[in-house]
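1. Compute the structure for the input listed below.
(one chain, ligands or ions: 2)
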Amino acid sequence: PAIIRREDYTPFAWLVPETHLDFELGLESTRVTATLKVERNPAAEASPVLRLNGDGLKLESLHCDGEDCAGWAMDGDDLLVTLEGDAHTITIVTRFDPSANSQLMGLFASNGMLCTQCEAEGFRRITFFPDRPDVLSTYTLRMSGPKAQFPVLLSNGNEVATGEDGDNHWAEWHDPWPKPSYLFALVAGQLVANRDTFTTMGGRRVDLAIWVREGDLERTDHAMDSLKRSMKWDEEVFGREYDLDIYNIVAVSDFNMGAMENKGLNVFNTKYVLADADTATDGDFDGVEGVIAHEYFHNWSGNRITCRDWFQLSLKEGFTVLRDQLFSQDMGSEAVCRIGDVRVLRGVQFPEDSGPLAHPIRPDSYREISNFYTSTVYNKGAEVIRMMRSMAGPERFRKGTDLYFERHDGEAATCEDFIRAMEEGAGLDLEQFRLWYRQAGTPKIEASVLHSDKTTLLALKQSVPPTPGQPDKKPMPVPLRIAMFDRATGQHRGEQLVIMDEAQKGINFDGFAEPPILSINRGFTAPVTIERDIADADLAFLAAHDDDPFARYEAMQDLVTRHLVAAADNRLDDAAKASAREAIGQALANIIGDEAVDDLMRGELLVLPSQTYLAEQVLLADPAAIHREREGLKAWLGAELEDLFTAMHSRASKVPYSLDAAAKGARKVKVQALVYLAAGAPDVARAMAWEQYRGADNMTDRQGALMVLAGIDGIERTNALLDFYNRYEGNDLVIDKWFSVQAQSLHPNAIEHVKALADHPDFTLKNPNRVRSLYMAFAANPHAFHAASGEGYRMIADLILQLDPINPQTAARFVTPLGRWRRLEPGRSALMREQLERIAKADKLSRDTYEQVTRSLG
Ligand code: HT7
Ligand code: ZN
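-> Ligands and ions are numbered 1, 2, ... in the order given. Below you'll find the predicted structure:
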């Protein structure tokens, strides 16, 4: 497959001011008549050839200006039409079978309904079209089909006419906002709506509807509430108002990603719409709120201003992730949200940035764009814009975004356009900062405090590691919020924002009688790794006393990480190990007993660094050693602090269910208590978890207890898993949890369990949620996935080969865990690589999987 390069961008030679689509709908056969008004683009190099992209389409007929069209040819899947004049009308008829569309791109059938997914290049599976984001067109659509089968007919914009024709009915929709084809959407099916209204700041009354299958309606209130709060927040914080009279959301159970921001008609994975106390965890509720907000915010950052080409994806995704993060921060706890964001960044993006798939947030080339919907483009993209916000401050940042929205409204823009608007609107000099868009890799900052007499020097060093295709890097501007704690008072004298923009830099401080304690990257102002020269006792001090909650969390993580990395590397003798465990135990005991900390934050402070994060800290990781030490520490802490954990669990168990922060926090610390006790006092934990499971009146408690029980042998394990399945049989989203809990469990036979689950009648490769629930959970379960025999790697490779012909986009995502081979100890490294090579040799790999496998081996 060809490589597409950012530097090769040229504007399209033709404009498509109007697009008319006529869909004759059928689950097994849909006919589409597309009528495109085209005219030469004066801003592009002239060409008589109109390239209309297609993907697997069969052309039934083609007319130019009402006549049979002679001047056409196929170029691969694309249709090339040669045109003589300056403006023409092209009419194209295609027909295809949506029920056979297992890729879930284009028009597909899901549970008897028809639904589209066009981003990034799905529209070309519906009709021949310039399927690129810089071709904006005004869409008018007519759809018709059997009324009994498709009582609800939805598309973008406004419904302008409806009618009946025997057993058939039809609807016409018109979207007044010009848009690229990736934002087109159509839904037809048996759906019911939760309806509400929202009045915008300008007085527009918007009819809101969330469409779901009958029976799911009562689980849509949280989504509706989140939508209304998002609309209000975007007016207040970014000055953005909604611009149509209706806003529809449809939930579908077969979907490759979380949701899609089609203009006026968002399509959502059911996972991000449906939530109630009995079936959704607190994390699920937060997920619904975040994704509803994200898709809504795209109406401005993505739809009103779209991307010129797919290399600019972070323009809309990075910015929109930042917007949804700021929203969630405002809706809940700022510190806890920030810790959650950083956990995702470290758990997914940092490993991506240090592996074979590393790429800048604005990539330079791709073969298959679906492979670039990555944590780097989304989450690091958000961090890059967040750094601009930290440097400018919220008010100036808002001036920058105002200018961007005003200047580029209605355009297909670039990251460079955004940067320029920030420079001018927010008054920032971003010349060197542009490196964040060009360079991949996570910068490392080394920090040490040098003290003599009364002078103190903070010495900083910066390095950016080499990544594929980028061996040498320049230093980037890294904004670091820092504070120096005075040992005499236990306080700092104020924070400052240091812009570390050189390879080396020194900053002087006066007036400390003793060397101060450094608190750095407070609030995680920059997406970098910090190596600080600091004593364990000082980390323990910060873990107990830092007034920045993120820095407090960070100090606790650092304390544990250092110990576990050294222990896994066999660098600690018994005495050193014992004293490090004592220090960690003391720090955790302080956190459990600190009444100034709320339970939501306490829950974060109690979480041990993940195995992935620990593996990232070393050049060649031994997953078995890391697992042994991490579990060993957990067991030691569980036994040592048994009384504290049981008391915390019992206190928190008295808090009744609600969605307020105190109740959510109580549920969070209960799970943490069970996790430690399961390792250190399994009999106690089994009994407590079983009691929690049986008495649960909400999914957070029930799933938390089930997760703990799933890892400990005993009759309670069997009973709880059976009960959970019987209780929720038929509820797909909850049965997904049942698969995940087992695939992720600490049970020594997790591999055998996963194999058995793959043969369960409820398992199917056709549903991405189900596939992820079993296999992504398994790939994230270190002791099972990294089994010394290589069996875990083989299972994921088998899955990729089986899934690739069905759903290549989802299959390609499973290549990532196998790409870690260079960072593993030699035995596992060879076994993992062997599986990648096996996949690479397979016949007829999709473009998606081929690209990821070759990059991973390269
Ligand atoms: N903008 C949306 C991207 C998306 C997508 C991409 C490729 C294949 C399927 C997809 N479904 C949705 C999601 C978002 O970021 O809002
Ligand atoms: Zn998005």
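
2. For M260, give me its contacts.
-> Contact analysis of M260 by Cβ atoms under 8 Å, 6 or more residues apart in numbering lists Q117, C118, E119, A185, N266, V267, F268, E295. The way it works is simple: take the backbone N, C-alpha and C, and place the C-beta from them, glycine included.

3. sorry, that was for W300
-> W300 makes contact with D234, F238, R240, F405, according to Cβ under 8 Å, 6+ apart.

4. check contacts around the first one.
-> I take that to be D234. Taking Cβ under 8 Å, 6+ apart as the contact definition, D234 lies against R240, E241, Y296, F297, W300, R323, F327.

5. per-residue confidence for the residue most central in space within the chain?
-> Centre of the chain computed as the mean C-alpha position; nearest residue by Cα atoms, centre = their mean is S375, 6.2 Å away. Looking at S375, its pLDDT is 98.

6. do the same with the one 5 residues further on
-> In the prediction, the pLDDT value recorded for K380 is 99.

7. ok but it is inside a strand, no?
-> No. The assignment for K380 (DSSP: H, G, I helix; E, B strand; the rest coil) gives helix, which keeps it out of a strand.

8. and it, how far is that from ligand 2?
-> As judged by Cβ to the ion, to the nearest Å, K380 and ligand 2 stand 14 Å apart.

9. which residues does that residue contact?
-> Under the criterion of Cβ under 8 Å, 6+ apart, the contact partners of K380 comprise G318, L345, Q349, D353, I361, P527.

10. can you check E84 too?
-> The neighbourhood of E84, defined by Cβ under 8 Å, 6+ apart, consists of P48.

11. what about it, distance to ligand 2?
-> Taking Cβ to the ion as the criterion, E84 is separated from ligand 2 by 41 Å.

12. what are the phi and psi values for that residue?
-> The phi and psi torsions at E84 (degrees, to the nearest 10) take the values phi -90, psi -40.

13. quick one: pLDDT of it?
-> pLDDT recorded at E84 is 94.

14. what do you get for A70?
-> pLDDT, A70: 85.

15. picking that back up, top of the contacts of M260 by neighbour count?
-> Going through these with other Cβ atoms under 10 Å as the criterion, the one with the most neighbours is A185, at 28 neighbours.

16. is it true that that residue touches S155?
-> Yes. Taking Cβ atoms under 8 Å as the contact criterion, A185 and S155 are neighbours in contact, 6.4 Å apart.

17. just to revisit the earlier point, what's the most distant pair in the contacts of K380?
-> The span of these, defined through Cβ to Cβ, is set by G318 and D353 at 14.3 Å.

18. Give me the more crowded residue out of these two.
-> Neighbours per residue, other Cβ under 10 Å: of G318 and D353, the larger number sits with G318, 27 against 24.

19. Would you mind naming what in the protein lies close to ligand 1?
-> Of all the residues in the chain, those in contact range of ligand 1 (Cβ under 6 Å from any ligand atom) are 117, 119-120, 256-257, 259-261, 294-295, 298, 317, 370, 373, 809.

20. Could you rerun that using 5 Å?
-> Applying Cβ under 5 Å from any ligand atom, we find that the chain lies next to ligand 1 at E119, N256, M257, M260, S370, Y373.

21. before we move on, the earlier item: any idea which of the contacts of D234 is closest to L191?
-> Nearest to L191 among these, counting by Cβ to Cβ, is Y296 at 19.8 Å.

22. okay, the residue lying closest to T30 once chain neighbours are set aside: pLDDT?
-> The spatial neighbour of T30 that comes closest, neighbours along the chain excluded (Cβ to Cβ, 6 or more residues apart in numbering), is P98 at 5.6 Å. Here the pLDDT value assigned to P98 is 98.

23. Now do the same contact list for the residue in the stretch 251-400 of the chain that ligand 1 sits nearest to.
-> Here the residue of the stretch 251-400 of the chain nearest ligand 1 is M257; by Cβ to the nearest ligand atom that distance is 3.5 Å. Neighbour list for M257: N269, Y373 [criterion: Cβ under 8 Å, 6+ apart].

24. Tell me, how many residues neighbour A639?
-> Should you count by other Cβ under 10 Å, A639 turns out to have 15 residues around it.

25. Make residue 1 into 43 and carry on from there
-> Let's use 43 as the start, then, which means that last one is A681.

26. pretty sure it is touching D725, no?
-> No. Proximity of A681 to D725 does not meet the contact threshold set by Cβ under 8 Å, at 11.6 Å.

27. continuing past the helix or strand encompassing R836, what's the next helix or strand?
-> Taking DSSP states H and E as the criterion, the element that holds R836 is helix 833-845. On the C-terminal side of helix 833-845, the nearest following helix or strand under DSSP H and E is helix 850-855.

28. Just give me how far that next one sits from the chain centre.
-> The gap between the average C-alpha position of helix 850-855 and the chain average comes to 15 Å, counting by Cα atoms, centre = their mean, to the nearest Å.

29. cool, stretch 640-660 as well?
-> Between the mean C-alpha location of stretch 640-660 and the chain-wide mean there is a distance of 19 Å, by Cα atoms, centre = their mean.

30. can you give me the mean pLDDT across that stretch?
-> Taken as a whole, stretch 640-660 carries a mean pLDDT of 98.

31. list the buried ones in that stretch?
-> Of the residues in stretch 640-660, 640-659 count as buried by neighbour count, 16 or more other Cβ atoms under 10 Å.

32. repeat for stretch 775-784
-> Neighbour counts using 16+ other Cβ under 10 Å place L775, V776, I777, D778, K779, W780, F781, S782, V783, Q784 of stretch 775-784 among the buried residues.

33. Am I right that the fourth one sits in a helix?
-> What that stands for is D778. Yes. Secondary structure of D778, determined by three-state DSSP: located in a helix.

34. Can you tell me the closest non-neighbouring residue to the closest residue to ligand 1 within the stretch 493-642 of the chain?
-> When scored by Cβ to the nearest ligand atom, the stretch 493-642 of the chain has P569 as its residue closest to ligand 1, at 19.0 Å. If you skip the residues right next to it in sequence, P569 has E425 as its closest partner in space, 4.0 Å away by Cβ to Cβ, 6+ apart.

35. Show the pLDDT at the one you found.
-> If you check E425, the pLDDT there is 99.

36. and it, how many neighbours?
-> Counted with other Cβ under 10 Å, the neighbours of E425 add up to 26.

37. Following the chain onward from the helix or strand where it lies, which element is next?
-> With elements delineated by DSSP H and E, E425 resides in helix 423-434, which encompasses its position. Reading on from helix 423-434 to the C-terminus, the next helix or strand found by DSSP H and E is helix 436-450.

38. From the contact counts, what lies against the very next helix or strand once past that next one?
-> Sequence order places strand 454-455 as the next helix or strand after helix 436-450, per DSSP H and E. The criterion is 3 or more Cβ pairs under 8 Å, 6 or more residues apart in numbering; DSSP states H and E, and the helices and strands that strand 454-455 contacts are strand 348-349.

39. Packing partners of the strand it packs on?
-> helix 355-373, strand 454-455.

40. and among those, the most buried is which?
-> helix 355-373 (a mean of 23; mean count of other Cβ atoms under 10 Å).
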